[in-house]
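Undergrad: I'd like to go over a predicted model; first the sequence, then the structure.
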Amino acid sequence: MIGETRVLWSGMQSALSLIFPPQCIDCGEPTVTDFGLCGSCWRDMPFISGLVCDRCGTPLPGEDEGRAEFCDDCMVLARPWQRGRAALVYKDRGRRLVLALKHGDRLDLARPAADWLLRAARPILVPGMIVAPVPLHWQRLFRRRFNQSALLARNVARLAGLEYCPDLLQRRRPTESQEGRNRDQRFANMSGAVSLHPRRTGHVHGRDVLLVDDVMTSGATMAAAADACNAAGAHSVCTLVLARVAKDA
């Protein structure tokens, strides 16, 4: 009976693929598999590879020689997390994909994005990590109807076999948009805005935490989230973002 069900399901999938052939998630051109990119979009997608800042994931010039290197910002700013990675540079197709997920209701993009995130995150993952999204304030969540960072974090946790904790953190107050603010203004805007959720008291103590967000610019939002984890006694905090705003982008 199980074998017959599998054959029937396989036949249904084949029929659907004939009616609705796989398309590129960016341009809509035919692809070999679902939730993938065509060859042209794959080549143009600004994936981050090679030498990166070990603290925030921004790409760096030079060759990866197996030791930790840091960007100018991470050598100046006291980041409250240990290591970080990013899958894409926030420009061109990368920027368009992030905005489609965040504001265009393209929830289907969370699935392939999680694959790219996991590939970027492998050097910083440790067994027993808690994977948690950067939270939205309930008012913004109500307007948007979903937290794109939570979608990404859930899929990354599933692929990595790690614990997913969607309500680890909470926004204590609504914050203004970070867009158009300089670095100091961004940090001031986020100061004290994130805290551990009351239901998760004690859950972080002695644990390694991976914080997931869609975009990192100055790092102010991640810093607020990391501060909350550190205050709760986290053993370590790492960050993972779908796209990193790079100075040379």
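TA: On my side now, so go ahead.
Undergrad: which residues of the chain score low on pLDDT?
TA: 1-20, 176, 248-249 (pLDDT under 70).
Undergrad: Recalculate using a threshold of 50.
TA: Applying pLDDT under 50 to the chain flags the ranges 3, 7, 9, 11-16.
Undergrad: any chance you could map the helices in it?
TA: 2-19, 39-44, 72-76, 92-103, 110-121, 138-144, 148-160, 183-190, 220-231 (DSSP state H).
Undergrad: residues of the fifth one that come out buried?
TA: Buried residues in helix 110-121, counting neighbours by 16 or more other Cβ atoms under 10 Å, are found at A110, R111, P112, A113, A114, W116, L117, L118, A120, A121. For the C-beta atoms, the positions are set from N, CA and C on the backbone; glycine is no exception.
Undergrad: coming back round to it: list just the one of the helices of the chain that sits closest to H197.
TA: Nearest to H197 among the helices of the chain is helix 220-231 (9.4 Å), distances taken as Cβ to Cβ.
Undergrad: Okay, buried residues for that closest one please.
TA: So helix 220-231, judged by 16+ other Cβ under 10 Å, has buried residues A220, T221, M222, A223, A224, A225, A226, D227, A228, C229, N230.
Undergrad: Contacts for that helix next, please.
TA: 79-81, 84, 134-135, 168-169, 178, 183, 186-187, 189-196, 204, 209, 211, 213, 216, 237, 239, 241 (Cβ atoms under 8 Å, 6 or more residues apart in numbering).
Undergrad: List the residues that contact the residue nearest to D34 when sequence neighbours are not counted.
TA: Spatial nearest neighbour of D34, excluding adjacent residues (Cβ to Cβ, 6 or more residues apart in numbering): P22 at 4.7 Å. Residues in contact with P22 (Cβ under 8 Å, 6+ apart) are P30, T31, V32, T33, D34, F35, G36.
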